[in-house]
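>>> just the structure for this:
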Amino acid sequence: MKIIGVGIDLLRIKRLKKISQIHEKKFLKKILTVKEKFHYYENTRKINFLAKSFVIKEAACKAIGIGMRKGISFKKIEVYNNKFNQPKIRFLKKIFINNILLKITKSYVSYTSEKKYVQAIVILK
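Model prediction:
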């Protein structure tokens, strides 16, 4: 299986916190899927949950190779944890690049955070 792409993203939590405080409902609507919103509202560490979702989705878009263009949006990617509590992604819609269906068979996600920053890397096969 050949690698389609690798994406990485780094985010300063303070920046995300500022944006989400000013435009919370609009921001959540743009970033999170319905399932993710449910988990966001039940989470006690909301900003960390949001930061994790944001960087993983950004990294996934970079791994696709076109970023947030050509029909790719945060709402087409869902972040979840598997039974081992590892972050995973699923694409909710088919992804076309230059009218060619992108066949993603496997994805690998790694995520790390500290007090000021969060970072994620995504590999797509």
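
>>> right, and the helix or strand after the helix or strand bottoming out on mean pLDDT in the chain?
Ranked by mean pLDDT, DSSP states H and E, the helix or strand of the chain with the weakest confidence is strand 96-97, at a mean of 76. Downstream of strand 96-97, the first helix or strand assigned by DSSP states H and E is strand 100-101.

>>> list the buried residues of the very next helix or strand once past that next one.
Using DSSP H and E, the next helix or strand after strand 100-101 towards the C-terminus is strand 107-113. Across strand 107-113, burial judged by 16 or more other CB atoms under 10 Å covers 107, 108, 109, 111. All C-beta spots, glycine's among them, are computed from the backbone N, C-alpha and C.

>>> list the neighbouring strands of strand 107-113 plus their orientation.
strand 117-124 (antiparallel) (DSSP bridges).

>>> ok, and what's touching the strand it pairs with?
3-13, 48, 51-52, 54-56, 58-60, 62-64, 87, 89, 104, 106-113 (CB atoms under 8 Å, 6 or more residues apart in numbering).
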